[in-house]
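Novice: Need a 3D model of the sequence below.
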Amino acid sequence: MTSRTSAIIGWVLTALMGVFLIGVSGIPKFIDWPGKAEMMEKIGIPLSILPAIGVVEIVVSLLYLIPRTAFLGAILLTGYLGGAVLTHLRVGDPWFFPIIIGVVAWVALGLRQPVIFQLALGKQPTTSESAS
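Specialist: Sure thing, here's the model as predicted:
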């Protein structure tokens, strides 16, 4: 696969992550919808802190979407998703979905910035600066 193809696939996955994290998960934390109170009660999250959780999710997602801050955003997103895993484990819900989201986020970032895969595999990053 060429680096251009990898980058395109990475950006498509990144865009899908952004749509999901901001549009499907983040924004609904500010909107009242049927079953929201019951769902939050089941997982033990008070409705009063839901907007703060939504702000954190949207900010972290935006950091992930911006190329210059994508690495920091991916790290923060991983932490956020770790909290989601804990929340789901605590109440006995399926816990693997946040892990899948995290893996897809890192794969997308690695396709956009191949140095991520090199670092993850313990290889010396190859850049034009280190070649000179």
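Novice: can you give me the helices in the protein?
Specialist: Listed in chain order, the helices of the chain (DSSP state H) span 3-18, 36-43, 50-65, 70-91, 96-112, 115-120, 128-131.
Novice: possible to save these as JSON lines with mean pLDDT?
Specialist: Output for those, formatted as JSON lines (pLDDT from 0 to 100):
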{"stretch": "helix 3-18", "mean pLDDT": "96"}
{"stretch": "helix 36-43", "mean pLDDT": "94"}
{"stretch": "helix 50-65", "mean pLDDT": "98"}
{"stretch": "helix 70-91", "mean pLDDT": "97"}
{"stretch": "helix 96-112", "mean pLDDT": "97"}
{"stretch": "helix 115-120", "mean pLDDT": "90"}
{"stretch": "helix 128-131", "mean pLDDT": "51"}
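Novice: possible to save these as a markdown table with mean neighbour count and distance to residue 30?
Specialist: No exception for glycine: its C-beta is placed from N, CA and C like everyone else's. Putting the helices of the chain into a markdown table (neighbours: other C-beta atoms under 10 Å; distance: least, C-beta to C-beta, whole Å) gives the following:
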| stretch | mean neighbour count | distance to residue 30 |
| --- | --- | --- |
| helix 3-18 | 15 | 17 |
| helix 36-43 | 12 | 11 |
| helix 50-65 | 17 | 6 |
| helix 70-91 | 16 | 17 |
| helix 96-112 | 17 | 20 |
| helix 115-120 | 15 | 32 |
| helix 128-131 | 7 | 43 |
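Novice: what separates the residue nearest the centre of the chain from residue 42, distance-wise?
Specialist: For the chain, the residue nearest the mean C-alpha position is residue 77 (4.5 Å; C-alpha atoms, centre = their mean). Here the criterion is C-beta to C-beta, to the nearest Å. By it, residue 77 lies 24 Å from residue 42.
Novice: which ones are touching residue 91?
Specialist: 42, 43, 44 (C-beta atoms under 8 Å, 6 or more residues apart in numbering).
Novice: again with residue 82
Specialist: 98, 102.
Novice: what do you get for residue 113?
Specialist: So residue 113 contacts 10, 70, 71 (C-beta under 8 Å, 6+ apart).
Novice: try residue 14
Specialist: 64, 65, 70, 105, 108, 109, 112.
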